[in-house]
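Colleague: Kindly generate the corresponding structure for this input.
(4 chains)
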2 protein chains.
Amino acid sequence: MRDVAARAGVSAMTVSRVLKGNEGVGESTRQRVLRAVTDLGYRRNETARNLRLGRHSGLVGLVVTNLANPFYAQLALGAEEVVQSYGLRLVLGNTAEQLAQEKHLVQDLVARQVNGLIVVPAGSDQRHLSPGELEGTPLVLAARPPAGIEADTVLVDDFGGARAATARLVADGHERIGFLGNPPTLFTGAERFRGWWSALEEAGLRPREEWVRRGPYTVVTAEAAALELLGQEDGPSALFCANNRLTLGACRAVRGLGAAAAIAGFDDVESADLLGVPLTLAAYAPDEIGRRAAQLLVDRLEAGAATRPTGPPRRTVIPTLLAVYGR
Amino acid sequence: MRDVAARAGVSAMTVSRVLKGNEGVGESTRQRVLRAVTDLGYRRNETARNLRLGRHSGLVGLVVTNLANPFYAQLALGAEEVVQSYGLRLVLGNTAEQLAQEKHLVQDLVARQVNGLIVVPAGSDQRHLSPGELEGTPLVLAARPPAGIEADTVLVDDFGGARAATARLVADGHERIGFLGNPPTLFTGAERFRGWWSALEEAGLRPREEWVRRGPYTVVTAEAAALELLGQEDGPSALFCANNRLTLGACRAVRGLGAAAAIAGFDDVESADLLGVPLTLAAYAPDEIGRRAAQLLVDRLEAGAATRPTGPPRRTVIPTLLAVYGR
DNA sequence: CTGTTAGCGCGTTCAA
DNA sequence: TTGAACGCGCTAACAG
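Modeller: I've put the predicted structure just below:
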């Protein structure tokens, strides 16, 4: 900046003013400065700027559990879209569902003066995300609700979607419906289980624990579990699967057995209609979660800029839509 | 830091030393400082630190064309993995294949003092990524090669993969093989087209332009193009598809027609074996591109820290592996 | 309309 | 082993 000032024959202050688009600068000096800037290819140092302005970094931290899952990639895209329209950038962190990694990451991002954080929390306790620990950095939770703290949150209608998909199986005449899901310690796991259960009860059917399988499944292990359930004598004639990994595993099992079993599931699956299995999915747009989360955060940032108390935590729930394939 | 110093009864300088893990600090003062730090919940201001150290932000910019594509999400994950092991973080930018957006994004990231950039370039000319424009910020290109500039690059073996997949169709007895691909202005489009062509020539077959379709396809438009090709009288009996979107579209077409056509393609496709179409895919790990690109960048950063001239541009090519499904 | 002074939070350099 | 002075690049507040 000094160099630019020298070349334009003014002080650094004037350069600063020109670059900021400040009013009180003479048109001729203005032009001279601009010339010097382009001649020297000068650009402001954002680091110094942020320091001086006492403001944050203009960055928003996004912490997800597994970026390899297209779900979170879509979420990131949605968040990026909103955030960038406010001149902010996204800093990415992947926790691989490791709580320790999440803590570490969040602390690092706070030290980097991020304006705010969007977190898909890994554990079932988020006290390490309390305002104190975060030095008051605004926080929005995505996909999983807060536990032990209060925070703005964006959720999917896990319960409603699971219930609707299961109810669809019932409407199609299925009376023996199994459940393939996440561990109940995961919020989504518990909610989707509850949805399955409710749909059965409401139809006058008895949920049978022996047709329930829950674990940290991959497509491969889900297939094995589905094979075992569907292979039983008098076993289930249909399965509700609590996420897209499980749905794919179950489809493999159905195809492998050559069975006529139907599958309902949570999350949409690409090319579901080609899989050759009757499929009813509770679908929704993951990028919408990202967009809403980012919007919640930005609102909070702008509110915080005006007045101190920024209101109570808000919670948004994204609805699901039934998608029916392969019939 | 002053507050911590006051509480510990030392100077700010000592606090700085302790936090840096510097040697010459008495054990007792060290403990006092550490106590004060935890008592006050103090954390260093990374912004000020970066400014003072004259170093960059500790951030690496990752600019991709479409994060919604799982391909780039995997790439991002691979890059994040490497980068974080060096204490760096990834700042994300999505260009949606818009050159203007890419220019803007890159300039912004340079102003934010990123240590380096990994870019999947959108256009067919990258002069806006020259060292001058980037203020010397180290750059690695991913998935697409440099044009008009020199830069470290990580590529996939587009030519070899396309040739191998097509050759496999030939080995299976197909003599009439069509091509469904990207526009030739895209590097990958041109290379994969060349691979298809070579495989046919080497087998003594004549590539037929009337069986070539190229455009910016989605799954839906690709399906239409494939339907048209496969529906011809004496049309192709097999199709080579230059990416995963096209492969899926072609599979839909084959299934829709109830045809016996075989498909070969570039990029792996999840659950390809369930699609009910004979499929030969040139597969590779997208996250490996990210990892290599990040490694190339980090090497460059560390070399740059030591001496000025950091050697000529390097180029890595990731091999593909044939995956055969549905037979 | 423009320049001077001062300081954001830290770390390097020297002296004590 | 510890501290004081100084400056990284920028801008708010006050001159002039």
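Colleague: Report the secondary structure state of the residue in the stretch 51-200 of chain A positioned nearest to DNA strand D.
Modeller: As assessed by CB to the nearest atom of the strand, DNA strand D sits closest to residue A:52 within the stretch 51-200 of chain A, at 3.6 Å. Backbone N, C-alpha and C define where each C-beta goes, glycine included. Taken by DSSP: H, G, I helix; E, B strand; the rest coil, the conformation at residue A:52 corresponds to helix.
Colleague: who in chain A is up against DNA strand D?
Modeller: A:1-2, A:12-13, A:16, A:19-20, A:44-45, A:48-49, A:51-53 (CB under 7 Å from any atom of the strand).
Colleague: Mind telling me which residue of the stretch 151-300 of chain A is nearest DNA strand C?
Modeller: Closest to DNA strand C within the stretch 151-300 of chain A is residue A:300: 21.9 Å, counting by CB to the nearest atom of the strand.
Colleague: Now do the same contact list for that residue.
Modeller: A:116, A:138, A:140, A:152, A:310 (CB atoms under 8 Å, 6 or more residues apart in numbering or on different chains).
Colleague: Looking at those residues, spot the one nearest chain B.
Modeller: Nearest to chain B among the contacts of residue A:300 is residue A:116, at 14.7 Å by CB to the nearest CB.
Colleague: what about residue A:155, helix or strand, and which?
Modeller: strand A:152-156 (DSSP states H and E).
Colleague: What helices and strands are in contact with that strand?
Modeller: Here strand A:152-156 is seen to pack against strand A:139-142, helix A:286-306, strand A:315-318 when contacts are counted using 3 or more CB pairs under 8 Å, 6 or more residues apart in numbering or on different chains; DSSP states H and E.
Colleague: neighbouring contacts of the last one?
Modeller: Under the contact criterion CB under 8 Å, 6+ apart, strand A:315-318 has outside partners A:145, A:152-157, A:284-285, A:288-289, A:292, A:296.
Colleague: Compare those residues and tell me which is most surrounded.
Modeller: residue A:154 (28 neighbours; other CB atoms under 10 Å in any protein chain shown).
Colleague: How about the contacts made by that one?
Modeller: A:140-143, A:289, A:292-293, A:296, A:315-318.
Colleague: Could you rerun that using 7 Å?
Modeller: A:140, A:142, A:289, A:292-293, A:296, A:316, A:318 (CB atoms under 7 Å, 6 or more residues apart in numbering or on different chains).
Colleague: and it, bridged to which residues?
Modeller: Assessed by DSSP bridges, residue A:154 has beta-bridge partners residue A:142, residue A:316.
Colleague: Quick check: residue A:195 touching residue A:167?
Modeller: No: the pair residue A:195 / residue A:167 is not scored as a contact, 9.2 Å apart, by CB atoms under 7 Å.
Colleague: quick one: which of those two has more around it?
Modeller: Each of residue A:195 and residue A:167 has its neighbours counted (other CB under 10 Å); residue A:195 has more, 26 against 20.
Colleague: tell me which element the more buried one falls in.
Modeller: helix A:187-202.
Colleague: Only the buried residues of that helix, if you could.
Modeller: The neighbour-count criterion (16 or more other CB atoms under 10 Å in any protein chain shown) identifies A:187-193, A:195-200 as the buried residues of helix A:187-202.
Colleague: and if you look at stretch A:54-73?
Modeller: Using 16+ other CB under 10 Å as the burial criterion, the residues of stretch A:54-73 that qualify are A:56-73.
Colleague: Show me those residues that map onto strands.
Modeller: A:59-64 (DSSP state E).
Colleague: okay, the residues you listed in CSV with pLDDT and distance to chain B next?
Modeller: Conversion of those to CSV gives the following (pLDDT from 0 to 100; distance: CB to the nearest CB, whole Å):
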residue, pLDDT, distance to chain B
A:59, 92, 7
A:60, 94, 10
A:61, 95, 9
A:62, 97, 8
A:63, 97, 11
A:64, 96, 10
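Colleague: quick revisit: walk me through which strands the helix or strand following the helix holding residue A:195 pairs with, and which way each runs.
Modeller: As assigned by DSSP H and E, the chain's next helix or strand after helix A:187-202 is strand A:212-214. Using DSSP bridges, strand A:212-214 pairs in its sheet with strand A:177-181 (parallel).
Colleague: Quick one: mean pLDDT for the strand it pairs with?
Modeller: Average pLDDT, strand A:177-181: 97.
Colleague: again with stretch A:296-303
Modeller: Mean predicted lDDT for stretch A:296-303 stands at 86.
Colleague: With stretch A:200-213 instead?
Modeller: So the average pLDDT for stretch A:200-213 ends up being 96.
Colleague: for stretch A:154-169, same thing?
Modeller: On average, stretch A:154-169 scores 97.
Colleague: Report the distance from it to the chain centre.
Modeller: Distance of stretch A:154-169 from the chain centroid (CA atoms, centre = their mean, to the nearest Å) equals 18 Å.
Colleague: mind saving the C-alpha coords of it as CSV?
Modeller: C-alpha atoms of stretch A:154-169 as CSV (Å, rounded to 0.1, in the frame of the first residue of the first chain):
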residue,chain,number,x,y,z
VAL,A,154,-32.1,-27.5,10.8
LEU,A,155,-33.5,-31.0,10.8
VAL,A,156,-35.2,-33.3,8.4
ASP,A,157,-38.6,-34.7,9.3
ASP,A,158,-37.1,-38.0,10.3
PHE,A,159,-40.1,-39.2,12.1
GLY,A,160,-42.7,-38.2,9.6
GLY,A,161,-40.8,-39.5,6.6
ALA,A,162,-40.1,-42.9,8.2
ARG,A,163,-43.8,-43.1,9.2
ALA,A,164,-45.1,-42.2,5.7
ALA,A,165,-42.7,-44.6,3.9
THR,A,166,-43.7,-47.4,6.2
ALA,A,167,-47.4,-46.6,5.9
ARG,A,168,-47.0,-46.9,2.2
LEU,A,169,-45.8,-50.5,2.6
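Colleague: Name the residues of the stretch 51-200 of chain A found near chain B, please.
Modeller: A:51, A:57, A:59, A:67-68, A:70, A:73-74, A:76-77, A:80, A:89-92, A:94, A:110-113 (CB under 7 Å from any CB of the partner chain).
Colleague: What lies in contact with stretch A:8-17?
Modeller: A:1-2, A:4-5, A:25, A:29, A:32-33, A:36.
Colleague: Which residue ranges of chain A form helices?
Modeller: Secondary structure of chain A by DSSP state H: the helices cover A:2-8, A:12-20, A:27-40, A:46-53, A:70-84, A:99-111, A:158-171, A:187-202, A:219-231, A:244-257, A:286-306.
Colleague: export the ones you listed to TSV and tack on distance to residue B:241?
Modeller: What follows is those, written out as TSV (distance: least, CB to CB, whole Å):
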stretch	distance to residue B:241
helix A:2-8	53
helix A:12-20	50
helix A:27-40	47
helix A:46-53	43
helix A:70-84	20
helix A:99-111	38
helix A:158-171	32
helix A:187-202	35
helix A:219-231	24
helix A:244-257	22
helix A:286-306	26
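Colleague: What residues does the residue in chain A that DNA strand D sits nearest to make contact with?
Modeller: Residue nearest to DNA strand D within chain A (CB to the nearest atom of the strand): residue A:1, separated by 2.8 Å. Contact partners of residue A:1, counting by CB under 7 Å, 6+ apart, are A:12, A:15-16.
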